[in-house]
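Asker: Just the structure for this:
(chains A, B, C and D)
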Number of protein chains: 4
Amino acid sequence: MQMADESAAKARAPMLGAARHREEAGVEFSRIVAFSDGVFAIAITLLVLALDVPEHADDLTRVLENQEGDLFAYALSFAVLGRWWLGHHRFFGSLERFDGPLMGLNLFYLAWIALVPFSSEVLGDYGDETAGVVLYAANMAGVALAFAAQIVYAYRRGLMKPEVRRGERRFAAPATFVAGGVFLVSIPVAFVSPLAAMLMWLLIFFGGRWIEDRLGGIGTTA
Amino acid sequence: MQMADESAAKARAPMLGAARHREEAGVEFSRIVAFSDGVFAIAITLLVLALDVPEHADDLTRVLENQEGDLFAYALSFAVLGRWWLGHHRFFGSLERFDGPLMGLNLFYLAWIALVPFSSEVLGDYGDETAGVVLYAANMAGVALAFAAQIVYAYRRGLMKPEVRRGERRFAAPATFVAGGVFLVSIPVAFVSPLAAMLMWLLIFFGGRWIEDRLGGIGTTA
Amino acid sequence: MQMADESAAKARAPMLGAARHREEAGVEFSRIVAFSDGVFAIAITLLVLALDVPEHADDLTRVLENQEGDLFAYALSFAVLGRWWLGHHRFFGSLERFDGPLMGLNLFYLAWIALVPFSSEVLGDYGDETAGVVLYAANMAGVALAFAAQIVYAYRRGLMKPEVRRGERRFAAPATFVAGGVFLVSIPVAFVSPLAAMLMWLLIFFGGRWIEDRLGGIGTTA
Amino acid sequence: MQMADESAAKARAPMLGAARHREEAGVEFSRIVAFSDGVFAIAITLLVLALDVPEHADDLTRVLENQEGDLFAYALSFAVLGRWWLGHHRFFGSLERFDGPLMGLNLFYLAWIALVPFSSEVLGDYGDETAGVVLYAANMAGVALAFAAQIVYAYRRGLMKPEVRRGERRFAAPATFVAGGVFLVSIPVAFVSPLAAMLMWLLIFFGGRWIEDRLGGIGTTA
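Answerer: Numbering: from 1, shown residues only, chains lettered A, B, ... in the order given. The predicted model follows:
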């Protein structure tokens, strides 16, 4: 218990890298990831709360049929959050170290993620109105930009693992920027046609994977 | 920090199997399992939100007595989700590796799991109506089929551990197919009698365990 | 990949105990504990949903003052769930192995735990009515009995660690039985006076700790 | 299985420190931290439930614009909970041991944390009223004081790691006391001007970081 200061310093020496990040941020890496995972898992499971049926409906069949917008929003948001989660994991798996500002950016990113159950509920109820579609697109653009900010920051500060520094840079950032850009572009589109804006999202969602896979392929072969 | 590429490759060599799955999927196995567990734990705990009592009821006793449908749905769904969780764990415990498509199938499966609090709430309020019972059966059939898809895919791609490749195949897939099948069959039954459909579920639930145990016994003795 | 059956058996040999429990239950011990912790953490955090303020109240101060019943229920249930969680952990920390039926009993126990946010909400709104108090007491008695069932089962089947087999038996089971018993006794009391029943709970809650500490002390010194 | 008592004692000997804390508290350190993280992650994700849009609004755009108070409360509470979480982690990362009373204090602290989604929802709807602002300030003062109680207790009982005993004491406790103090002071201020009280919070939030960094700097250089 009454250890001298120099012995304490010595004890920390063998894991200097870890100690250094701890001095900067004070929280272990794995906890940040676990916390982020928790927010993702809760947000993705809270999506179901948007589906709601009144307790004494006259015609349940018709009420359930009217939930099709809610079910579409549920499926879309589940898939979208699932993909963001995979991307987040891939990114954190490529990090070597992190620091305080990156943790702040990650919390900022999670605040956009945790907002999705709200935007998704509104989309389910107002998917045919411009305002509902714009809200969802704005939320997703926020997620994409907050994610891009993390990636750019981590590269600028040299926080990535050496082996992924080149390949990952080539695909992760552009794919995220593309996703963010298309969501942003879909906002003015929604003022003309909410449906067209939603079709754009599906395009990114499936096209984005295709682009990412391609660029990822280039990254690993080059 | 300035590690050469070949040394990075060497560092990964001793855990080549892990590295390979990581290249395919980018996320560690344990995280997928933890994420799935999180969704299960949240969904099972959100079931309670279906139980709701108005704040200023005249006769609380009568209101509580009218919750018997909700309590039945709560108990049933808790047991059902508990069993799916055990099955999911048993399956993931038998996996040797996983790849991207399996992760996608797992997310698809979790989307059905996370929907249960909604179906359960509807069942609690409309357990005497065909539409309420059909919704629940359809949700469960979705869970079963999404689970079967994972199992079949994992066997086809040789992702299972060698020691379970034979035994597990014999019981896990059929038991799941049986469960999915009975839920599907209960849908037309519900159009005749919602109660009969619900009795069918209880049969699978307890009978399914009996079948699984038997077949599991065969699997381990053979 | 093409490992022979005997080598697979050999690989499992050094952790035969673990393998044995896995054959019985198929899920790793730590996952059961993590899942239980998750349900506890979610249930304890969902308690806050019982506190609700209408969006356009005329006199917010008065509305908030009327939440005192809800705040009492929140504080009580937070403390109670916290104590159950500690007890659950102490019990699982003393387990050497577990089997399928114990997992079933644990799920049954968690179903009572996950019900607490509902009973707590009703208690907050109807703490001066017999039915509200009886519901809460019944829920707690259910938790206590489901917990006692786990403990008794684990002792009967010899699943406890050797060093706690004597001491723990002396205090864990009686303390739980006492808690369950007092909650049961408080049910008829609530028909005479809901307030008296609630005072009984506070007694167990603080007295229970005192009894447990005493008996625990005997257990370790004897 | 039939291990003698002395061999059990011997097995525990190499990790006497850990065994000692286990005898005192019965729960492993990492579980307490994981449980606390879970409560934080759930509370921070439940904040979104305060955002709610009626299902059949005439003018969605106007309804969404009226959510600006809710969005401000969401952003503020997400940032505040994020910061408390970091502080909590830093504190637990500096703990060497813990005991029963510290666990009780931690649960007490978590009860204040889990209350934030409620206070935040009220603040979002009634940010221009004294009562709404006072409630939020009282909640935050409760968090700060419960956190300070943990820190003071841990220092008094010598539960901190030796290397942080001096430095940490200098900044962690004062920063928390300052935060708690400013929230307390903002309560009378809110009776004059709710807006001024909220501006005070933003000051602590950003100024608090500045103070903490400064004092932390002194702590590590001294």
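
Asker: tell me which element the spatially most central residue of chain A falls in.
Answerer: Chain A has A:W84 as the residue nearest its centroid, 3.8 Å off, counting by CA atoms, centre = their mean. Per DSSP states H and E, A:W84 falls inside helix A:68-93.

Asker: and the next helix or strand after that helix, how far out from the chain's middle?
Answerer: Using DSSP H and E, the helix or strand that directly follows helix A:68-93 along the chain is helix A:100-113. Computed by CA atoms, centre = their mean, to the nearest Å, the chain-centroid distance of helix A:100-113 equals 10 Å.

Asker: For chain C, what's the nearest residue on chain A?
Answerer: Chain C sits closest to A:I42 of chain A, with a gap of 8.2 Å, by CB to the nearest CB. The C-beta positions use only the backbone N, C-alpha and C, and glycine is treated the same way.

Asker: these two touch, right, that residue and D:L47?
Answerer: No - applying CB atoms under 8 Å, one finds A:I42 not in contact with D:L47, separated by 10.8 Å.

Asker: any common contacting residues for those two?
Answerer: A:A114 (CB atoms under 8 Å, 6 or more residues apart in numbering or on different chains).

Asker: Could you find the closest non-adjacent residue to the residue of chain A closest to chain C?
Answerer: Among residues not flanking A:I42 along the chain, D:T45 sits closest, at 4.0 Å (CB to CB, 6 or more residues apart in numbering or on different chains).

Asker: wait, what's in contact with that neighbour?
Answerer: Going by CB under 8 Å, 6+ apart, D:T45 touches A:38-39, A:42-43, A:46, A:114.

Asker: List just the nearest of the residues you listed to A:G124.
Answerer: Nearest to A:G124 among the contacts of D:T45: A:L46, at 13.2 Å, using CB to CB.

Asker: So which residues of chain A form helices?
Answerer: Taking DSSP state H, the helices of chain A run over residues A:5-12, A:16-25, A:29-46, A:60-65, A:68-93, A:100-113, A:116-126, A:130-156, A:167-192, A:194-221.

Asker: average pLDDT for the longest one?
Answerer: Yep, that's helix A:194-221 we're talking about. Mean pLDDT, computed over helix A:194-221, is 67.

Asker: wait, does stretch A:130-147 contact chain B?
Answerer: No - Stretch A:130-147 lies apart from chain B when judged by CB under 8 Å from any CB of the partner chain; the minimum separation is 14.8 Å.

Asker: CA atoms of that stretch as PDB?
Answerer: What follows is stretch A:130-147, C-alpha atoms only, in PDB (Å, rounded to 0.1, in the frame of the first residue of the first chain):
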ATOM      1  CA  THR A 130     -41.200  16.300 -46.900                       C
ATOM      2  CA  ALA A 131     -40.500  17.200 -43.200                       C
ATOM      3  CA  GLY A 132     -40.400  13.600 -42.100                       C
ATOM      4  CA  VAL A 133     -38.000  12.500 -44.800                       C
ATOM      5  CA  VAL A 134     -35.800  15.600 -44.300                       C
ATOM      6  CA  LEU A 135     -35.500  14.900 -40.600                       C
ATOM      7  CA  TYR A 136     -34.300  11.300 -41.200                       C
ATOM      8  CA  ALA A 137     -31.900  12.400 -43.900                       C
ATOM      9  CA  ALA A 138     -30.500  15.100 -41.600                       C
ATOM     10  CA  ASN A 139     -30.000  12.600 -38.800                       C
ATOM     11  CA  MET A 140     -28.200  10.300 -41.100                       C
ATOM     12  CA  ALA A 141     -26.100  13.000 -42.600                       C
ATOM     13  CA  GLY A 142     -25.200  14.000 -39.000                       C
ATOM     14  CA  VAL A 143     -24.100  10.400 -38.300                       C
ATOM     15  CA  ALA A 144     -22.000  10.300 -41.400                       C
ATOM     16  CA  LEU A 145     -20.300  13.600 -40.800                       C
ATOM     17  CA  ALA A 146     -19.600  12.800 -37.100                       C
ATOM     18  CA  PHE A 147     -18.200   9.500 -38.300                       C
END
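
Asker: what about it, average pLDDT?
Answerer: Averaging pLDDT along stretch A:130-147 yields 93.

Asker: so where's chain A shaky on pLDDT?
Answerer: By pLDDT under 70, the low-scoring segments of chain A are A:1-27, A:164-175, A:205-222.

Asker: swap the cut-off to 50 and go again
Answerer: Applying pLDDT under 50 to chain A flags the ranges A:1-26, A:171, A:217-222.

Asker: just the residues of it that are near chain B, which are they?
Answerer: Contact residues, chain A versus chain B (CB under 8 Å from any CB): A:33-34, A:37-38, A:40-42, A:44-49, A:51-53, A:55-57, A:60-61, A:64, A:74-75, A:78-79, A:82, A:85-86, A:89-90, A:93, A:158, A:161-163, A:220.

Asker: Can you flag the buried ones in those residues?
Answerer: If you count burial by 16 or more other CB atoms under 10 Å in any protein chain shown, the buried members of the residues of chain A next to chain B come out as A:33-34, A:37-38, A:40-42, A:44-49, A:51-53, A:57, A:60, A:64, A:74, A:78-79, A:82, A:85-86, A:89-90, A:93, A:161-163.

Asker: Cross-check the contact I'm expecting between A:V134 and A:L184.
Answerer: No - with contacts counted by CB under 8 Å, A:V134 stays clear of A:L184, the gap being 10.7 Å.

Asker: Counting neighbours, go ahead and name the busier of these two.
Answerer: Neighbour comparison, A:V134 and A:L184: the larger count goes to A:V134, with 22 against 16 (by other CB atoms under 10 Å in any protein chain shown).

Asker: Quick one: residues contacting that one.
Answerer: So A:V134 contacts A:187, A:190-191 (CB under 8 Å, 6+ apart).

Asker: State the distance from A:A138 to chain D.
Answerer: Distance of A:A138 to chain D, given as CB to the nearest CB, to the nearest Å: 10 Å.

Asker: Does A:L46 touch D:L51 like I think?
Answerer: No - taking contacts as CB under 8 Å, A:L46 lies outside contact range of D:L51: 11.6 Å.

Asker: of all the contacts of D:T45, which two lie farthest apart?
Answerer: Farthest pair in the contacts of D:T45 (CB to CB) is A:G38 and A:L46. Separation: 12.2 Å.

Asker: Okay, buried residues for stretch A:119-129 please.
Answerer: In stretch A:119-129, counting by 16+ other CB under 10 Å, buried: A:119-127, A:129.

Asker: To clarify, my last question referred to stretch A:101-116.
Answerer: A:102-116.

Asker: A:A144: what's it in contact with?
Answerer: A:A144 makes contact with A:176-177, A:179-181, A:183 under the criterion CB under 8 Å, 6+ apart.

Asker: Apply 10 Å and report the result again.
Answerer: Contacts of A:A144 were listed using CB atoms under 10 Å, 6 or more residues apart in numbering or on different chains, and they are A:84, A:87, A:109, A:112, A:175-184, A:204.
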